[in-house]
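Q: prediction below, plus the sequence it came from.
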Amino acid sequence: MRPWGSPKGSKFPHSRCNSGLSHQSPHTVGSPTNLDTKHPIHQTTMAAMKLDGTGVAELPTHATDSTVTTVAVTSTRELALGSSSTNTGAAEEHGEWGSTDIRLPYFNLVQATSKSPLREFGFGSFVFDKSVAVGGPSRPATCVVLRMKRGYVQLLPQTSTEMPQQFSSLADVRAAGMQPGNVRDGRHVGDQAWFQLAIAAPEGTSEELLARFPYECEGKQWAMGVYIVQSTAFGSFAKVINTLRQPGGPIHGDGPFGSGAEHKGLLEIHFAIKAGSPGKSDYAVPTPVFKGLNSPEAIEFFATLKGE
């Protein structure tokens, strides 16, 4: 895999995987007018990076560029689990840049509580960088998990405008005077997981939107982003993928908790609309489905994307 814009052939000179853009389809998908809109959208107020009961993370409308940058960079470093790829020979000239020193956009699953611009894509749409839908209730998203990290998030009242605290371990939770639970009082935390995903551009994506998918492998264009899940989505999404990497699973690795081989598997994310409890809105739920192992070339490609 070569960086976007660099000369072809620098990493995989004889491979079907590189980062050259292909401009194949004249059809446009991903615009709000082409997505599922049969479910009504209701506008509500959400706090900064607060995840609602369905596991959707949204940045606040009042967030500054510095707020977004801090969240994104911190999240990427957390996901990297301490790994870094540097070229020591060039360090004196360029500094010690590594695979963790990048800023990735986010994936959002549009809920009934989502605000603009996400709500324009339609309830249940899976949106990359708030600009292109890569899946929805009638169209699964194709993805590869590059990294994943488990954590905990402070459960604030729905009316709170504070930034919730995030923790890597229960020891850190208890050191902060909090405990696990399902009470939104600021003193309890819920399960949370961060995923660094490679996502494939849907068939028919316009040439303009393909620019957001700068990596090419085996006839598909790919982009990288971060997806955060908690609550219902933690169970439907994170637990399923974690099960796949347990001993005997198809993407079991040699790292802690079976990590290190997630990128070897090809997944589809399916999206279903579930009925809310009385007095509450319906909600969208993501569920990953294992589709098989990637080819050796693709495994090498995705390993390079994750910085190995």
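A: Structure's in. What do you need?
Q: mind listing what Ala193 touches?
A: Contacts were defined as Cβ atoms under 8 Å, 6 or more residues apart in numbering; by that measure Ala193 touches Met148, Lys149, Arg150, Gly151, Ile228, Val229, Gln230, Phe234, Phe237, Ala238. For glycine as for every other residue, the C-beta is placed from the backbone atoms N, C-alpha and C.
Q: neighbours of Val145, just the number please.
A: Neighbour count of Val145, defined by other Cβ atoms under 10 Å: 24.
Q: so it sits against Ala261, correct?
A: No - Val145 sits out of contact with Ala261 when judged by Cβ atoms under 8 Å, with a separation of 9.8 Å.
Q: any common contacting residues for these two?
A: Common neighbours of Val145 and Ala261 (Cβ under 8 Å, 6+ apart) are Ile251.
Q: can you redo the contacts of Ala193 as JSON lines with neighbour count?
A: Converted to JSON lines, the contacts of Ala193 look like this (neighbours: other Cβ atoms under 10 Å):
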{"residue": "Met148", "neighbour count": "21"}
{"residue": "Lys149", "neighbour count": "16"}
{"residue": "Arg150", "neighbour count": "14"}
{"residue": "Gly151", "neighbour count": "18"}
{"residue": "Ile228", "neighbour count": "25"}
{"residue": "Val229", "neighbour count": "27"}
{"residue": "Gln230", "neighbour count": "26"}
{"residue": "Phe234", "neighbour count": "20"}
{"residue": "Phe237", "neighbour count": "22"}
{"residue": "Ala238", "neighbour count": "24"}
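Q: among the residues you listed, name the ones in helices.
A: Residues of the contacts of Ala193 located in helices (DSSP state H): none.
Q: in JSON lines: the residues you listed, plus distance to Gln166.
A: Shown next, in JSON lines, are these (distance: Cβ to Cβ, whole Å):
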{"residue": "Met148", "distance to Gln166": "15"}
{"residue": "Lys149", "distance to Gln166": "10"}
{"residue": "Arg150", "distance to Gln166": "11"}
{"residue": "Gly151", "distance to Gln166": "6"}
{"residue": "Ile228", "distance to Gln166": "10"}
{"residue": "Val229", "distance to Gln166": "13"}
{"residue": "Gln230", "distance to Gln166": "10"}
{"residue": "Phe234", "distance to Gln166": "14"}
{"residue": "Phe237", "distance to Gln166": "18"}
{"residue": "Ala238", "distance to Gln166": "15"}
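Q: tell me how far Gly253 lies from Lys149.
A: With the distance defined as Cβ to Cβ, to the nearest Å, Gly253 ends up 14 Å from Lys149.
Q: correction: the previous question concerned Phe195.
A: For Phe195, the distance to Lys149 - Cβ to Cβ - is 8 Å.
Q: about what we covered before: for the contacts of Ala193, which one is nearest Pro137?
A: Within the contacts of Ala193, proximity to Pro137 (Cβ to Cβ) peaks at Phe237, which comes in at 15.5 Å.
Q: could you pull out the strands in the protein for me?
A: Residue ranges of the strands in the chain, as given by DSSP state E, are 17-18, 107-109, 126-128, 132-135, 141-154, 166-167, 179-180, 188-200, 215-217, 220-230, 265-274, 283-293.
Q: columns mean pLDDT on top of those strands, output as CSV?
A: Below are the strands of the chain laid out as CSV (pLDDT from 0 to 100):
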stretch, mean pLDDT
strand 17-18, 79
strand 107-109, 98
strand 126-128, 98
strand 132-135, 97
strand 141-154, 97
strand 166-167, 97
strand 179-180, 97
strand 188-200, 98
strand 215-217, 97
strand 220-230, 97
strand 265-274, 97
strand 283-293, 98
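Q: of those, which is nearest Phe257?
A: Nearest of these to Phe257, taken as Cβ to Cβ: strand 141-154 at 8.2 Å.
Q: how much does the closest one deviate in direction from strand 188-200?
A: 160 degrees (axes from the mean of the first three to the mean of the last three Cα atoms, to 10 degrees).
Q: could you give the angle of strand 141-154 to strand 265-274?
A: Angle, strand 141-154 to strand 265-274, by the same axes, to 10 degrees: 70 degrees.
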